[in-house]
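Visitor: Starting from these lines, generate the structure:
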Amino acid sequence: MRGPPAGPVAATSRYAGRVAVVDVSEELKSLSSTMGSIEAVLDLDKLRAEIAVLEEQAAAPSLWDDPEAAQKITSKLSHLQAEVRKTEALRSRIDDLEVLFELAEAEDDPDTRAEAEAELESVKKALDEMEVRTLLSGEYDEREALVNIRAEAGGVDAADFAEQLQRMYLRWAERHNYGTEVYETSYAEEAGIKSTTFVVKAPYAYGTLSVEQGTHRLVRISPFDNQGRRQTSFAGVEILPVVEQSDHVEIDESDLRVDVYRASGPGGQGVNTTDSAVRITHIPTGIVVSCQNERSQIQNKASAMNVLQAKLLERQRQEERAKMDALKGDGGSSWGNQMRSYVLHPYQMVKDLRTEFEVGNPQSVLDGEIDGFLEAGIRWRKQQEK
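Guide: A predicted model of the protein is given here:
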């Protein structure tokens with residue numbers, strides 16, 4: 001909002017003999033109001049009550065008798081504590097902004113004014129990020145995420161692209177200090193991978209990454225074409241919520257075919273000397289899952305069963321959604337298939353085909369800088385639900 005100063009909160013910048021006065025009082029009121037809405041949605045009192053229960057569980061002497069359950073408790077406790085601290089800190093920063101601008105105006109100090117304006121922009125960005133978190137209210141949004149990537153059309157370029165996408169998501173998780181575990185990777189003969197499955201171990205990883213589901217398209221000069229021709233290749237990304245004990249997925253053992261084989265690495269190089277890798281086929285649906293990351297066949301089978309349960313749960317959800325769409329006359333999913341293009345030649349750009357969000361630096365995106373795409377996707381999805 002531009003105009004003469006109104007009230008005590010105003011920032012004045014002088015340059016080239018001109019005076020620009022920016023009234024920020026209304027903007028600060030708007031930020032405070034938005035923050036209030038976020039606090040209401042997050043329900044800080046409820047979060048603090050959950051933290052108290054988890055702290056009591058974490059203090060139990062028998063906590064680590066079940067390491068897997070203990071890890072979930074401590075991870076959730078850490079996440080909730082961080083969320084409350086982050087929310088309280090942002091509220092404090094918004095409250096301090098008014099004082100900072102008043103100080104800058106009272107002292108007519110360019111440095112203090114510049115500091116206040118920089119803090120204002122930083123607070124706006126943090127508020128946008130936190131607002132996106134409040135949009136994750138789906139049934140499974142708070143779960144950890146299973147990510148499946150497979151090479152599609154495009155031959156060796158598609159396999160190479162699938163491996164780049166795997167690296168992109170793993171780097172994104174690393175940037176946010178999220179744990180990951182690769183369950184299975186099937187390497188292609190010349191380069192890249194045929195498919196991979198890994199888990200991102202962070203609260204709300206599923207809700208955040210679920211907007212990445214669909215077909216990703218790469219256009220570039222192929223490094224595998226000795227004539228240097230442009231190549232278009234495709235890779236499919238599937239995001240599933242990690243299955244928990246409360247989920248009801250009935251699996252009849254007689255419906256399963258379990259094969260064991262020796263795990264291998266890039267180029268077919270053996271990485272295991274025993275037949276510990278496990279492939280499970282669910283005969284009624286034709287779903288096939290594999291796991292080879294563990295040395296033990298028993299552990300690999302358990303991990304593969306978790307992936308199969310997640311896939312069957314998602315299939316069940318899709319069938320229910322299809323019935324609802326048919327009743328609403330929706331005609332099916334509104335997601336479409338191809339969702340993002342990565343163009344490296346003849347120009348440089350990554351563009352989401354649903355949200356129109358784009359970035360002119362593909363390398364930064366492939367290095368894991370995808371938060372802008374995730375935020376735009378989450379907001380777009382919320383709009384589609386209205």
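Visitor: low pLDDT regions in the protein?
Guide: 1-23, 245-248, 264-274, 321, 323-336, 386 (pLDDT under 70).
Visitor: Tell me which stretches of it form strands.
Guide: Ranges of strands in the chain, per DSSP state E, are 10-15, 18-23, 145-151, 179-187, 193-201, 214-221, 230-241, 256-261, 277-282, 287-291, 338-343, 349-352, 358-359.
Visitor: Looking at these, which is nearest to Asp371?
Guide: strand 358-359 (10.7 Å; Cβ to Cβ). To be clear about C-beta, it is placed using only N, CA and C from the backbone, and glycine gets the same treatment.
Visitor: Show me the strands paired with that closest one, marking each as parallel or antiparallel.
Guide: Using DSSP bridges, strand 358-359 pairs in its sheet with strand 349-352 (antiparallel).
Visitor: Tell me who's in contact with Arg379.
Guide: Val132, Leu135, Thr355 (Cβ atoms under 8 Å, 6 or more residues apart in numbering).
Visitor: any idea which of the strands of the chain is most buried?
Guide: Most buried of these by mean neighbour count (mean count of other Cβ atoms under 10 Å) is strand 145-151; its value is a mean of 24.
Visitor: From the centroid of this structure, which residue is nearest?
Guide: Leu209 (3.2 Å; Cα atoms, centre = their mean).
Visitor: Relative to Leu374, how far out is it?
Guide: 7 Å (Cβ to Cβ, to the nearest Å).
Visitor: Please apply the same query to Lys76.
Guide: In terms of Cβ to Cβ, Lys76 sits 21 Å off from Leu374.
Visitor: Same question for Ala191.
Guide: Counting by Cβ to Cβ - Ala191 and Leu374 are separated by 28 Å.
Visitor: In helices only, show me the contacts of Arg379.
Guide: Val132 (DSSP state H).
Visitor: can you list the contacts of Arg379 in CSV and add neighbour count and distance to Ala173?
Guide: As requested, the contacts of Arg379 are exported to CSV (neighbours: other Cβ atoms under 10 Å; distance: Cβ to Cβ, whole Å):
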residue, neighbour count, distance to Ala173
Val132, 19, 17
Leu135, 17, 20
Thr355, 20, 22
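Visitor: and which of the contacts of Arg379 is nearest His282?
Guide: Among the contacts of Arg379, and counting by Cβ to Cβ, the member closest to His282 is Leu135, at 33.3 Å.
Visitor: Surely that closest one and Gln383 touch.
Guide: No. Using Cβ atoms under 8 Å, Leu135 is not in contact with Gln383; the gap is 9.9 Å.
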